[in-house]
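In: task: produce atomic coordinates for the following.
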Amino acid sequence: MSTEPKNVIVGTAGHIDHGKSALVEALTGTHPDRLEEEKRRGITIDLGFAFLEEQDVRFGFVDVPGHERFVSNMLAGAGGMDLVVLVIAADESIKPQTREHFDICRLLGIKRGVVALTKSDLVDADTLELVRLEIEEYLHNSFLAGAPIVPVSAKTRAGLAEFKSELRRVALEAAGKNAGRHFRLPIDRAFAIKGFGAVVTGTLISGSVGAGDEVELFPERKRLRVRGVQSGGKSVERAFAGQRTAVNLAGIEHTALQRGMVLATPGKFRSTRRIDARIHLLPSAPKLKHRSRVHFHVGSSETIAEVHLHGGTELLPGQSALAHLRLQDEVLALPGDRFIVRQFSPATTIGGGEVLDALARRPLARDTDRIVFLETLERGEPSESIAAMTERVPLSLPFSEIVARTGWLESEVHEVAQKLAASGRVKIVSAEPLLLVSATSFEDARQKIAAKIESFHKQNPLLPGITREDLRTSLGRRVRAETFRAALDELVTQKKLELQGELVKRAGSTVSLDAEEARAKSQIELAFATAGLAVPAVKEVLSGLPVEAKRAETILQILLREKVLVRVTLELIFHRDALAQLRERLASYKKTKGDRISVPAFKDLTGITRKYAIPLLEYLDRGRVTRRAGDERVIL
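Out: A predicted model of the protein is given here:
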């Protein structure tokens, strides 16, 4: 049974003129230098690419420039490396750019590699052994300690077979990229091909992409369609994480695309100008002061960052610290992404680190919990991370925010959310779309609702309850509608509150009238009951009661809620018996005189003036007892 080859991205690293490009050409048959200036000067200026399929491994080579002036170009291609080929010339040994490139590889978290001892044909056996020992000493206690050091010659091809064998062995041990996650492709080249249009290339660091897919361009937030995909120099139906990939895009000119942009799954991510991170300073670097400006490299992008150190005023060589990076330009980054920082001037590599919070808040003196929060994120335990995020948001943590901050798939988010909800650390206040609040915030909302109900009953003893909307509004903007609904539902389920239609009240509470109020209630009902359809003015009725105006109005509202009285207009209130009798009269009229009645006939039937007749007819229309037809009503 055949299996797909493992996709591995190999980056070269090393000093200028140590034979990186010549080695790639000897291995693959492709010279990675593509620019005329590169060919004329014999040095690599920009990134070059080549491919090799060796048994069960498909290699994508990223050849980087070795000259110190082009380290920024080197960094644009270094981010996606799975393993490194550290190229050291046998006739020169370790040089300045060897050290800087190797430092960059360490800072980027590259775990494996092979050392190519190039130009081995130019030195004798003793010199070769001496250089090997020097390299072993230099790599001691690093990720390449114990890595194979293979003498090779691109010119004579000596050692190439052994080198390929060692490279394959190390590649099979290297951790692969995850093709099951959301798609991300940092762009390191953009150009046009006649007849096809805009094409971008990059190392596919997660997910997959195929023809017909919709993708989102960051930081522009522009949606584009994929016309075609190539990998390894061949057209493919789909490219997967770990492959060098070329994407042909529709709907955009190549001049609008540039290195540093990112293609990603649409609608999932947000670009940022603020990042919280763990930053490591190289032992050889000068100390880094709070608010220093540095060159910041992540993925294929480069921008300027101002470094705000959390809990200190300077970072000493060889040390690490939590820091906030305020970026000059927007970038797309996720937790776990590695970055490099270079001194502002002169531009030399001084350190790097790992993104912890890619959508960080602006640093505030009162934000005393930030360091604890970042240390939680740094530990990388999913449940702890989401719980910490939920506790820091002012209102709630929606599903879209979780994905944008973590890059997780929907299934992963829901699994973690359910686990946290079961433990009681967070509350799911909405399942679709998912919305989380911390247990503390949810309990606070419950207590606020219960307190508001108690306060309402004390201040309004004659009212049965407060409307849902008035209750929600009284809590202010600190409680989201979804949290309010979930907290209210829980209080009702626990029989602490009751619902009566739209009214919310304390469980078991009843309206209790004293003797004076009960007498007033009877007087109001009697006034409207005896008036029939020629009802008195509301103010006139209330002014003659033995209670003050506010209590009189409340008692009237009780009669309206009990539907003993019915408000037809703002000014006109009728007793329910009078309205029931009116319906009976209309039914009798329909039987004896037909189903049409004019306004004058209605007035004669009821014995009321136009002042009451028109509002009553409109009320009957709303209740579908009658329907207006010109100047008449049809009795339904």
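
In: okay, stretch 562-579 in CSV with CA atoms only?
Out: Extracted in CSV, the C-alpha atoms of stretch 562-579 (Å, rounded to 0.1, in the frame of the first residue of the first chain):
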residue,chain,number,x,y,z
GLU,A,562,-55.9,42.1,35.1
LYS,A,563,-57.8,43.0,32.0
VAL,A,564,-60.8,44.3,34.0
LEU,A,565,-60.3,47.5,32.2
VAL,A,566,-59.1,47.9,28.6
ARG,A,567,-57.2,50.9,27.2
VAL,A,568,-58.6,51.7,23.7
THR,A,569,-56.6,55.0,23.3
LEU,A,570,-54.3,57.0,25.6
GLU,A,571,-57.3,58.9,26.8
LEU,A,572,-60.1,56.3,26.7
ILE,A,573,-60.4,53.3,29.0
PHE,A,574,-63.5,51.0,28.9
HIS,A,575,-64.7,48.2,31.2
ARG,A,576,-64.4,44.7,29.7
ASP,A,577,-68.2,44.1,30.3
ALA,A,578,-69.1,47.1,28.2
LEU,A,579,-66.9,46.0,25.4
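
In: what about that stretch, average pLDDT?
Out: Here stretch 562-579 scores 92 as its mean pLDDT.

In: going forward, begin numbering at 48 instead of 1
Out: In the new numbering, first residue 48, that becomes stretch 609-626.

In: what lies in contact with that stretch?
Out: Around stretch 609-626, the neighbours that count as contacts under C-beta atoms under 8 Å, 6 or more residues apart in numbering are 571-572, 575-576, 578-580, 582, 584-585, 603, 606-607, 659, 662-663, 666. (Glycine included, C-beta is placed from N, CA and C.)

In: how about that stretch, which residues are buried there?
Out: Residues of stretch 609-626 classed as buried: Val611, Leu612, Val613, Val615, Leu619, Ile620, Phe621, His622, Arg623, Ala625, Leu626 (neighbour count, 16 or more other C-beta atoms under 10 Å).

In: just stretch 669-678 next, same as before
Out: Within stretch 669-678, the residues scored as buried using 16+ other C-beta under 10 Å are Val672, Thr673.

In: for stretch 345-361, same thing?
Out: Val345, Gly346, Ser347, Ser348, Glu349, Thr350, Ala352, Val354, His355, Leu356, His357.

In: tell me which helix or strand of this protein sits lowest on mean pLDDT?
Out: helix 83-88 (a mean of 40; mean pLDDT, DSSP states H and E).

In: rewinding a little: show me the buried residues of stretch 609-626 that map onto helices.
Out: Arg623, Ala625, Leu626 (DSSP state H).

In: in JSON lines, list these along with distance to Arg270.
Out: What follows is these, written out as JSON lines (distance: C-beta to C-beta, whole Å):
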{"residue": "Arg623", "distance to Arg270": "59"}
{"residue": "Ala625", "distance to Arg270": "64"}
{"residue": "Leu626", "distance to Arg270": "59"}
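
In: residues contacting the residue most central in space within the chain?
Out: When C-alpha atoms, centre = their mean is applied to the chain, the residue found nearest the centroid is Ala451 (2.1 Å). Counting by C-beta under 8 Å, 6+ apart, Ala451 touches Lys315, Phe316, Arg317, Leu406.

In: dump these to TSV, plus neighbour count and pLDDT.
Out: Converted to TSV, the contacts of Ala451 look like this (neighbours: other C-beta atoms under 10 Å; pLDDT from 0 to 100):
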residue	neighbour count	pLDDT
Lys315	17	96
Phe316	24	96
Arg317	16	96
Leu406	19	95
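
In: could you dump these to JSON lines with secondary structure and distance to Ala368?
Out: Converted to JSON lines, those look like this (DSSP: H, G, I helix; E, B strand; the rest coil; distance: C-beta to C-beta, whole Å):
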{"residue": "Lys315", "secondary structure": "coil", "distance to Ala368": "30"}
{"residue": "Phe316", "secondary structure": "coil", "distance to Ala368": "27"}
{"residue": "Arg317", "secondary structure": "coil", "distance to Ala368": "26"}
{"residue": "Leu406", "secondary structure": "coil", "distance to Ala368": "20"}
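
In: wait, which of those residues is closest to Gly257?
Out: Nearest to Gly257 out of the contacts of Ala451 is Lys315 (C-beta to C-beta; 17.1 Å).

In: tell me the contacts of that closest one?
Out: Going by C-beta under 8 Å, 6+ apart, Lys315 touches His229, Glu263, Val450, Ala451, Gly454.

In: just the strands in the stretch 298-447 of the chain please.
Out: Ranges of strands within the stretch 298-447 of the chain are 309-311, 319-328, 335-336, 339-345, 348-356, 361-362, 367-378, 385-390, 396-404, 444-445, based on DSSP state E, counting those that start in this stretch.
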